[in-house]
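Asker: sequence and predicted structure below; questions after.
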Amino acid sequence: MSALANHPFVKMNGLGNEIVVVDLRGAPAQRAGGAPGAGAAPLSPAEVRAVARPEGAPFDQMMVLYPPRTPGTDAFVRIYNSDGSEAGACGNGMRCVADVVFAATGKTALTFETRAGLLNAWKGAEPLVSTVDMGAPRFGWRDIPLAEEFRDTRAIELQIGPIDAPVLHSPSVVSMGNPHAVFWVDDVMAHDLGRFGPMLENHPIFPDRANISLAAVTGPDHLTVRTWERGVGLTRACGSAACAAAVSAARTGRTGRRVRVTLPGGDLVIDWRERDDHVLMTGPVEYEREGRFDPALFAAASVP
Ligand SMILES: N[C@@H](CCC[C@H](N)C(=O)O)C(=O)O
């Protein structure tokens with residue numbers, strides 16, 4: 001039987017980015033995938049997709065907390081996309097997880113571990129607002145990763161549309177713990193991202209696929225961004241994409257290092273800190289409902 005059967009969950013969102021939070025830290029060791037400190041086996045893609053079904057708890061990302069692997073951390077967190085794939089980073093999801101743990105423990109600062117490394121979170125001055133340190137961006141072509149060498153990842157050779165009049169071209173590419181391509185446009189609404197997104201997500205230049213964003217500079221230190229998320233599709237907000245757009249904008253001289261990013265679901269403040277190169281993301285979360293996973297979900301999907 002799935003570790004998720006009958007297990008409680010919290011449905012939240014970060015600016016409309018649909019997030020389900022599941023805490024397996026108190027689950028019996030074998031159900032949580034191993035003894036505390038010994039790691040946590042991933043859920044199967046079929047299990048994750050079962051939860052994402054309309055009769056389950058549909059989400060863009062499901063954030064699953066396991067016992068800490070590293071002393072001093074509050075949890076090991078796995079991040080799942082609705083197609084069952086696992087991601088290395090999810091800014092909005094981490095802010096949701098942080099708020100759940102802030103509320104349960106009374107702490108105001110937390111450290112989590114994800115596949116992409118350690119990550120700190122702080123409670124904000126206002127209720128339901130928090131800041132997550134997304135770590136340092138990586139710009140090397142192998143780190144993103146790209147399938148072939150590009151010395152300068154501020155604008156790589158990639159375009160769609162007619163060769164002499166491309167519709168989208170020369171994206172900035174970066175890893176925020178997950179792969180991002182940012183296409184610079186005048187108006188993020190003027191392009192059919194629902195059509196181009198899947199082609200670009202699965203373009204052979206991205207061996208691990210990629211999150212695809214359209215970004216426009218819409219004011220002094222203000223960006224507007226829409227994202228086609230890897231493993232999900234169009235979402236109302238993608239925190240790591242906001243970070244990717246912000247660092248790419250600063251890196252290409254379009255803005256300074258602290259910007260407000262407007263996404264379809266609302267605004268995030270992104271600060272690419274000079275002193276340690278880390279990217280800080282601040283924004284709100286919302287609680288929607290609590291529930292328990294119906295075991296029938298997993299039986300129907302014939303998952304373990
Ligand atoms: N919504 C997220 C990003 C989630 C992961 C992404 N789809 C991937 O596969 O890399 C965010 O807020 O950062």
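Answerer: Received, thanks. Numbers count the residues shown, from 1 in each chain.
Asker: the nearest residue to Lys11 once chain neighbours are set aside: what's it in contact with?
Answerer: Closest residue to Lys11 apart from its sequence neighbours, by Cβ to Cβ, 6 or more residues apart in numbering: Glu288 at 4.4 Å. All C-beta atoms are positioned from the backbone trio N, CA, C, and that covers glycine. Applying Cβ atoms under 8 Å, 6 or more residues apart in numbering to Glu288 gives the contacts Lys11, Met12, Asn13.
Asker: quick check, nearest of these to Gly233?
Answerer: Here the nearest of those to Gly233, counting by Cβ to Cβ, is Asn13; it sits at 15.8 Å.
Asker: do I have it right that the closest one meets Val21?
Answerer: No - look at Asn13 against Val21 with Cβ atoms under 8 Å: they stay out of range, at 10.9 Å.
Asker: next, count neighbours for the spatially closest residue to Lys123 that is not a sequence neighbour.
Answerer: The spatial neighbour of Lys123 that comes closest, neighbours along the chain excluded (Cβ to Cβ, 6+ apart), is Thr108 at 4.2 Å. Thr108 is flanked by 11 other residues according to other Cβ atoms under 10 Å.
Asker: can you check the one 10 residues further on too?
Answerer: For Leu118, the count of nearby residues is 13 (other Cβ under 10 Å).
Asker: try Asn178
Answerer: Neighbours around Asn178, by other Cβ under 10 Å: 28.
Asker: same check on Leu43?
Answerer: 25.
Asker: what's the per-residue pLDDT of it here?
Answerer: Listed pLDDT for Leu43 reads 94.
Asker: what sits against it?
Answerer: Ser2, Ala3, Leu4, Val64, Arg78, Tyr80.
Asker: rebuild those as CSV, extending it with distance to the ligand and neighbour count.
Answerer: CSV is the format used below for these (distance: Cβ to the nearest ligand atom, whole Å; neighbours: other Cβ atoms under 10 Å):
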residue, distance to the ligand, neighbour count
Ser2, 22, 21
Ala3, 21, 22
Leu4, 19, 28
Val64, 14, 28
Arg78, 12, 22
Tyr80, 9, 28
